[in-house]
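Asker: Would you be able to build a 3D model of this:
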Amino acid sequence: METLERRELRHGDGRRLFVYGAYDGQSLPDDGPDGEWPALHLRHDPLSDSWVAISPARNTRPQTAPTQDRPAPSCPLCVGGPELPFPYEAAVFENRFPTLLAEPPAPPRLDGRTAPSRGRCEVVLYTPTHEGSLATLTTEELARVVAIWTDRSEELWTDPDLRAVLVFENRGEDVGATLSHPHGQIYALDHLPVHLERRVGALAAHRAGTGACLSCEVVATDLAAATRRVRENPSFTVQVPFAPDWPFEVHVRAKRHGARRLPDLTMEERRDLGAALREVVHIYDRLFDAPMAYLMACQQAPVADDGTVAVDWHLSFEFLPPNRGPDKLKMRATVETAAGLFINDTEPETTAAALAAVSTTADGADAATFPDIEVEATADLAGAGGT
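Answerer: Reported below is the predicted structural model:
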């Protein structure tokens, strides 16, 4: 078992920074507070009974991709940038351009229902190397990322006001990613967004009607569906789902009942997870001989309305690429956006076969090479410069 040290520092504006691994003791700049976020709030849509986050600060986020008018600027996530001016191995920091805050401003009084944007927004830096992906990280680096996801999730779940912790990654300009440096994010929310609420309801209704776990039934169905299988893994199914919204959608789902959140995983399951995530991204990049953009969401069991953790939830990582061909993107059209009826341009079995065909790694071959890593917190460092 390897120990990964975690140190907490604070930027001059009060945002927390967690440095994982080696740290040479350098101070953070005293950059001062960024100011207030008076426009940050939630608005309720009564017709859909859902919340919309209003966050104008996101329009000021940095972007490293070149545009027609200017060359690419320096990357704010690389060593020497404003977030980490010193060398690091991996890190997490509170987002400088948040949608949610631990202590949000009071919402404005408007002609509809509003609420504070309460929660957390964190950025997870996988590596100091500017280029790369989950497919190109070393097994040490990827095992470290899984350990960091687990560590941050575990702490965030201790806040009784939070109901959902979403680990995710937006990769590529085709899905709106503004920074190419390998990184992901974590949003923790004090309410259930509509998709999570609907899934919790489906699990509860199935349990009430049949006495059985719906997620276990999905896993059993996937295991029996060889035509939708992309990989084989002792701990996770790696499948194109039965009814995917996106043509090349892949779900990596925990087989074991009780593996509801990242902290629930055993070390063996963590190794299998790392191997599965790496191979899925490898497959995407081989499919059209180019890095494929995707949205990746880690779906952890949220807190239901009664305050309990959703019992029948199985942890999953869901990959949602926008491609429907090597040079074609699927765009959400009117019936999909306005009515919620997705139209898939391909048969799931056909895309699963195409994805499986470009896999070159034997089933489970690299899982054993992932080290076992556990995070260990060291003494927190006070202030911008530490102590």
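
Asker: can we go C-alpha only for contacts and neighbour counts from here?
Answerer: Noted.

Asker: Show me what the lengthiest helix in the chain packs onto, helices and strands only.
Answerer: Scanning the chain for the helix with the most residues, using DSSP state H, yields helix 267-287. On a contact count with 3 or more C-alpha pairs under 8 Å, 6 or more residues apart in numbering; DSSP states H and E, helix 267-287 meets helix 139-156, strand 236-239, strand 250-254, helix 348-357.

Asker: out of these, nearest to Ala106?
Answerer: Closest to Ala106 of the helices and strands packed on helix 267-287, according to C-alpha to C-alpha: helix 139-156, at 22.3 Å.

Asker: can you put the helices and strands packed on helix 267-287 in a markdown table and add distance to Asp285?
Answerer: Below are the helices and strands packed on helix 267-287 laid out as a markdown table (distance: least, C-alpha to C-alpha, whole Å):
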| stretch | distance to Asp285 |
| --- | --- |
| helix 139-156 | 17 |
| strand 236-239 | 16 |
| strand 250-254 | 14 |
| helix 348-357 | 10 |
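
Asker: just the strands in the stretch 101-250 of the chain please.
Answerer: 114-115, 119-125, 164-171, 183-189, 229-231, 236-239, 250-254 (DSSP state E, counting those that start in this stretch).

Asker: Just send the helices and strands packed on helix 267-287 back as TSV, with mean neighbour count too.
Answerer: Output for the helices and strands packed on helix 267-287, formatted as TSV (neighbours: other C-alpha atoms under 10 Å):
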stretch	mean neighbour count
helix 139-156	20
strand 236-239	26
strand 250-254	26
helix 348-357	19
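
Asker: List the buried residues of stretch 169-177.
Answerer: Neighbour counts using 16 or more other C-alpha atoms under 10 Å place 169-172, 174, 177 of stretch 169-177 among the buried residues.

Asker: Quick check: mean pLDDT of the following helix or strand past the longest helix of the chain?
Answerer: Per DSSP states H and E, the first helix or strand lying C-terminal to helix 267-287 is strand 294-299. The average of the pLDDT scores along strand 294-299 is 97.

Asker: Can you spell out which helices and strands pack onto the helix or strand that strand 294-299 is followed by?
Answerer: Using DSSP H and E, the helix or strand that follows strand 294-299 towards the C-terminus is strand 316-320. Secondary-structure packing of strand 316-320 (3+ C-alpha pairs under 8 Å, 6+ apart): strand 250-254, strand 294-299.

Asker: Just the CA trace of strand 316-320, in CSV.
Answerer: What follows is strand 316-320, C-alpha atoms only, in CSV (Å, rounded to 0.1, in the frame of the first residue of the first chain):
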residue,chain,number,x,y,z
SER,A,316,-21.1,4.2,-12.5
PHE,A,317,-18.9,6.2,-14.8
GLU,A,318,-20.9,7.3,-17.9
PHE,A,319,-19.1,8.4,-21.0
LEU,A,320,-21.1,10.6,-23.4
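
Asker: follow-up on the earlier one: turn the helices and strands packed on helix 267-287 into JSON lines, columns for mean pLDDT and distance to Ala293.
Answerer: Formatted as JSON lines, the helices and strands packed on helix 267-287 follow (pLDDT from 0 to 100; distance: least, C-alpha to C-alpha, whole Å):
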{"stretch": "helix 139-156", "mean pLDDT": "97", "distance to Ala293": "19"}
{"stretch": "strand 236-239", "mean pLDDT": "97", "distance to Ala293": "18"}
{"stretch": "strand 250-254", "mean pLDDT": "98", "distance to Ala293": "13"}
{"stretch": "helix 348-357", "mean pLDDT": "96", "distance to Ala293": "15"}
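
Asker: Please identify which of the ones you listed is closest to Cys121.
Answerer: Comparing the helices and strands packed on helix 267-287 by C-alpha to C-alpha, helix 139-156 comes nearest, at 10.8 Å.

Asker: okay, that closest one in PDB with CA atoms only?
Answerer: What follows is helix 139-156, C-alpha atoms only, in PDB (Å, rounded to 0.1, in the frame of the first residue of the first chain):
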ATOM      1  CA  THR A 139      -0.800   3.500 -13.900                       C
ATOM      2  CA  GLU A 140       0.700   5.400 -10.900                       C
ATOM      3  CA  GLU A 141      -0.900   8.600 -12.000                       C
ATOM      4  CA  LEU A 142      -4.300   7.100 -12.800                       C
ATOM      5  CA  ALA A 143      -4.400   5.200  -9.500                       C
ATOM      6  CA  ARG A 144      -3.500   8.500  -7.800                       C
ATOM      7  CA  VAL A 145      -6.500  10.200  -9.600                       C
ATOM      8  CA  VAL A 146      -8.900   7.500  -8.400                       C
ATOM      9  CA  ALA A 147      -7.600   7.900  -4.900                       C
ATOM     10  CA  ILE A 148      -8.000  11.700  -5.100                       C
ATOM     11  CA  TRP A 149     -11.600  11.400  -6.400                       C
ATOM     12  CA  THR A 150     -12.300   9.000  -3.500                       C
ATOM     13  CA  ASP A 151     -10.700  11.300  -0.900                       C
ATOM     14  CA  ARG A 152     -12.500  14.400  -2.000                       C
ATOM     15  CA  SER A 153     -15.800  12.600  -2.300                       C
ATOM     16  CA  GLU A 154     -15.400  11.200   1.200                       C
ATOM     17  CA  GLU A 155     -14.900  14.600   2.700                       C
ATOM     18  CA  LEU A 156     -17.700  16.300   0.700                       C
END
